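1. Mind folding the following:
(one chain, ligands or ions: 1)
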Amino acid sequence: MEEDDENPPLAVEIGELGQQISSSSELSITRRSEDGDTVGVTVITGYLGSGKSTLVNYILNAQHGKKIAVILNEFGEEIGVERAMINEGESGSLVEEWVELANGCVCCTVKHSLVQALEQLVQRKERLDHILIETTGLADPAPLVSILWLDEQLESAIKLDSIITVVDAKNLLLQLDQKSVSTSFPEAFLQIAFADVVILNKVDLVSPKQSEPLVSHALEELEKEISNINPLANIIVSVRCQVDLRKILDRQAYDAKHVTHLESLLKDSDLKSTSSRHNSKMQTLSISEQSHVDLEKFRSWLEEILWEKKYGMDVYRCKGILRVEKSDQLHTLQAVRETYEIVPAREWMKEEDQSNKIVFIGKS
Ligand SMILES: Nc1nc2c(ncn2[C@@H]2O[C@H](COP(=O)(O)OP(=O)(O)OP(=O)(O)O)[C@@H](O)[C@H]2O)c(=O)[nH]1
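-> Numbers count the residues shown, from 1 in each chain. Modelled structure (predicted):
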């Protein structure tokens, strides 16, 4: 990139490779912007070639009036290839600011770099509304989540907004059937299991020579397969990732005070436990229980499951709504792997079903 004296590109120096951050408490992203707002971070994951870059480009070029920065991380690329791009909002014009992420996979080797890149972007917060992180080959977003999903009390300047998984409609079933080398599941499973939103992309390539009813049947099957893996994810069907941005940005999927992400739990009084036909070990377990829970006992029980794997369960994702003893507040439960949070969200409404509802997504 050419340097221009008057308007030099902002290249962000990133820390050394291999510097690991083991817990979110070591992080230093604690500055709050002057107006007190936090910047939402959306993690975009998905199988090779599913359409992640297409989505990022679509978001950057859309006329949404938001200033959005993107951090790109491509495993195995040369250092210097990656960049952060910022959409200047109103005009929709792109300003490229280069954030050079060191070579490596976000989930293991460049966490520190990522944190620094985020800090650099947040420092210039007055110009930013949202940050996208596009990842490649990220089978397990849990470590990333532990970086981004910070407690509000830490006064973080950034906030995990949601995890979006882009899925290739033509190849999904093949990808689910693939043998995995590094984990006990093909990575396509894990990416869907962790997603808050699944974009079922490339639907134009699903049986294009067949008649319309057959195509919609094929799509229904795909949606069913995704729901079997993760019944809590919102599924959006797309061609070239042209989606309604209101459905993917500002989801606030991890914001305890924002319970819309748990709408499906509230609505669905009859959640079913499921398992994917492609890998019978990947399961969803749903619990619905009317009695109030003792919060301390509940925490111990949950910690036994998440931390001690007491019942042999390996939980990737868990969401729930709790009816807590001696409280008129609906409490929300969120867990990603071992990290969990239970927070009072709002008062129960008289007309709603005041049951505890919990969904576990995982193994065994
Ligand atoms: N036919 C069709 N092609 C698409 C669609 N979406 C994306 N593509 C094409 O699929 C190819 C891969 O898309 P990318 O956006 O680069 O996918 P990616 O997930 O970023 O790929 P990697 O970075 O390699 O993981 C490109 O040639 C896109 O133009 C779609 O909905 N339909």
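
2. For the chain, name the helix or strand with the lowest mean pLDDT.
-> The helix or strand of the chain with the lowest confidence, counting by mean pLDDT, DSSP states H and E, is strand 94-97 at a mean of 48.

3. what about whichever residue of the stretch 151-300 of the chain sits closest to the ligand, distance to E338?
-> Residue nearest to the ligand within the stretch 151-300 of the chain: K202 (3.9 Å; C-beta to the nearest ligand atom). For the C-beta atoms, the positions are set from N, CA and C on the backbone; glycine is no exception. Counting by C-beta to C-beta, to the nearest Å, the gap from K202 to E338 is 34 Å.

4. Name the residue in these two with the higher neighbour count.
-> Each of K202 and E338 has its neighbours counted (other C-beta atoms under 10 Å); K202 has more, 22 against 12.

5. Flag the shaky bits of this structure, pLDDT-wise.
-> Along the chain, segments meeting pLDDT under 70 span 1-36, 73-117, 124-127, 136-140, 147, 150-156, 178-186, 207-215, 256-282.

6. tell me which parts of it are close to the ligand?
-> Contact residues (C-beta under 6 Å from any ligand atom) of the chain with the ligand: 46, 48-54, 136, 201-202, 204-205, 239-241.

7. So which of those residues sit within strands?
-> The strands, defined by DSSP state E, take in G46, N201 from the residues of the chain next to the ligand.

8. With respect to K297, which of the residues of the chain next to the ligand is nearest?
-> K297 lies nearest to G46 out of those, by C-beta to C-beta, at 39.1 Å.

9. which residue sits closest to that closest one, ignoring its sequence neighbours?
-> V166 (3.5 Å; C-beta to C-beta, 6 or more residues apart in numbering).

10. moving C-terminal of the host helix or strand of that neighbour, what's the next helix or strand?
-> Element membership for V166, per DSSP states H and E: strand 158-168. Downstream of strand 158-168, the next assigned helix or strand under DSSP H and E is helix 172-177.

11. Pull out the buried positions in that following helix.
-> Burial within helix 172-177, assessed by neighbour count using 16 or more other C-beta atoms under 10 Å, is assigned to L172, Q175, L176.

12. which among those residues gets closest to L306?
-> The closest of these, once distances to L306 are taken by C-beta to C-beta, is L176, at 25.3 Å.

13. on contacts alone, who are the packing partners of the host helix or strand of I68?
-> Taking DSSP H and E as the criterion, I68 maps to strand 67-73. On a contact count with 3 or more C-beta pairs under 8 Å, 6 or more residues apart in numbering; DSSP states H and E, strand 67-73 meets helix 52-61, strand 84-88, helix 111-123, strand 130-135.

14. Any buried residues in it, and which?
-> For strand 67-73, the buried set under the neighbour-count rule, 16+ other C-beta under 10 Å, comprises K67, I68, A69, V70, I71, L72, N73.

15. What strands line up against that strand, and which way round?
-> Strand 67-73 has the following strand partners under DSSP bridges: strand 84-88 (antiparallel), strand 130-135 (parallel).

16. after the helix ranked longest in the chain comes which helix or strand?
-> Among all segments of the chain classified by DSSP state H, the helix with the greatest residue count is helix 212-229. Later in the chain than helix 212-229, the nearest helix or strand by DSSP H and E is strand 234-237.

17. partner strands of that next one, parallel or antiparallel?
-> The strands beside strand 234-237 in its sheet (DSSP bridges) come out as strand 197-201 (parallel).

18. so T42 sits right up against I131, yeah?
-> Yes: counting by C-beta atoms under 8 Å, I131 is a contact partner of T42 at 7.4 Å.

19. So for the two, which sits in the more crowded spot?
-> Neighbour count, other C-beta under 10 Å: between T42 and I131, T42 has more, with 27 against 24.

20. Who are the packing partners of the one helix or strand the more buried one maps to?
-> Assigned by DSSP H and E, T42 belongs to strand 39-46. The contact analysis (3+ C-beta pairs under 8 Å, 6+ apart) places strand 39-46 against helix 52-61, helix 111-123, strand 130-135, helix 142-148, strand 158-168, helix 187-194.
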